[in-house]
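# I'd like to go over a predicted model; first the sequence, then the structure.
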Amino acid sequence: MDDLNYWKDKWIEVGREYILNKKTTKETIAVWDESSKTYDETVSNSRINIIYKLKEDYINEDSIVLDLGCGTGAYSMELSKICKEVHAMDYSDGMLNILKAKISENNIKNIKVIKNDWNNLDLKAEGMDKKYDFVISSLNPGCYNPSSLMKINEASKGGCCYIGTDGKGQNKLLNKADDEILGERIKGCDISNIIYPFNILYFSGYNPSVFYIPCNWEGRNTYEKGVSKLINRYKDLIEINYNVEEKIKHFVKSHMEGDLFIDKSENNLGIILWRTI
């Protein structure tokens, strides 16, 4: 068996079921623009621990770093405290506008914001081929495929970091909602699992290392947004008729914590580190 092609094919196969891969680029950007409004409320501070780990062997005060799918800058802001320069790339105006506001508020001079789509970016044309001392991509749907992963090696002249999940995350409240409303659990898409990029890198001749840290997310919604969240969760699976909607409303109402419907995702992040060949 050709191990490299096996893992590439498996990742591509999993990606066919990923909800964002079924949307157009315009629709996907709209999702992230909307998500940016509450994104920082869900980001765990435990992610910052990753930066300190990188500082040991991969980055220093002379490093120029590319942060792919930077979002609102959870990593870029921390990297800017250590590195000479950080290039923060995303294609969502919503995410980038929040990052720009943070940069301005904190008078940061060494973060360069880049609006671009990693998958359609010509590195040589943009002068980004082997430009960076370090490239990081964390929970970035734009890198949930083999070609986008390997493109990281073209941009880096040194170290690389890919952050995904261990594939064992769970959300107990949403699982309970599935049981009560659907009668069965929704099978989550495994596209962020680091088993795919790790093996692709390994069988491509790299020497990746991996470590894990706990990282949990919270969805904090009003009653109305909680109902909307569950309707959107189930609308492609069942008909949202009057009875189903009433079930959803009852579930949300009975699980409110004060004024909020709070669902918690318990995860472990998998952090892959390697050096370009």
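Great, that's in hand.

# let me see the contact set for the spatially closest residue to Arg275 that is not a sequence neighbour.
Nearest non-adjacent residue to Arg275, counting by CB to CB, 6 or more residues apart in numbering: Gly159, 5.5 Å away. Placement of C-beta: from N, CA and C, glycine included. Gly159 makes contacts with Leu54, Asp57, Tyr58, Ile59, Asp133, Phe134, Val135, Leu273, Trp274, Arg275, Thr276, as judged by CB atoms under 8 Å, 6 or more residues apart in numbering.

# let's go with 6 Å and repeat that
By CB atoms under 6 Å, 6 or more residues apart in numbering, Gly159 lies in contact with Tyr58, Phe134, Arg275.

# and it, how far from Ile19?
Distance, Gly159 to Ile19, by CB to CB, to the nearest Å: 32 Å.

# can you show me the helices along the stretch 1-150 of the chain?
In the stretch 1-150 of the chain, the helices defined using DSSP state H, counting those that start in this stretch lie at 3-15, 25-35, 39-42, 48-57, 74-79, 93-105, 146-155.

# how far does the last one sit from the chain's center?
Its chain's average C-alpha position is 16 Å from that of helix 146-155, according to CA atoms, centre = their mean, to the nearest Å.

# now for it, which elements pack on it?
Counting contacts by 3 or more CB pairs under 6 Å, 6 or more residues apart in numbering; DSSP states H and E, helix 146-155 packs against strand 132-138.

# partner strands of the strand it packs on and their direction?
Applying DSSP bridges, strand 132-138 is found paired with strand 64-68 (parallel), strand 156-165 (parallel).

# got the contact list for the helix or strand just after the last one?
The C-terminal neighbour of strand 156-165 among helices and strands, as given by DSSP states H and E, is helix 172-177. When contacts are defined by CB under 6 Å, 6+ apart, helix 172-177 is touched by residues Arg185, Leu230, Phe251, Asp263.

# and the third one, what element?
Right, Phe251. Phe251 belongs to helix 242-254 when elements are defined using DSSP H and E.

# looking at the contacts of helix 172-177, which is nearest Ile194?
Nearest to Ile194 among the contacts of helix 172-177 is Arg185, at 22.6 Å by CB to CB.

# before we move on, what SS does that closest one have?
Following DSSP: H, G, I helix; E, B strand; the rest coil, Arg185 is assigned to coil.

# same check, this time on the one 3 residues further on
Assigned state for Gly188: coil (three-state reduction, three-state DSSP).

# could you check how many residues crowd around the closest residue to it other than its chain neighbours?
In space, and not counting its chain neighbours, Gly188 is closest to Gly169: 7.7 Å by CB to CB, 6+ apart. As a burial measure, Gly169 scores 17 neighbours (other CB atoms under 10 Å).

# for the least confident helix or strand in the chain by mean pLDDT, output the C-alpha coordinates as CSV.
Scoring the helices and strands of the chain by mean pLDDT, DSSP states H and E places helix 39-42 at the bottom, with a mean of 73. Provided in CSV are the C-alpha atoms of helix 39-42 (Å, rounded to 0.1, in the frame of the first residue of the first chain):
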residue,chain,number,x,y,z
TYR,A,39,-15.1,34.7,18.2
ASP,A,40,-12.9,36.0,21.0
GLU,A,41,-15.5,34.9,23.6
THR,A,42,-14.8,31.3,22.7
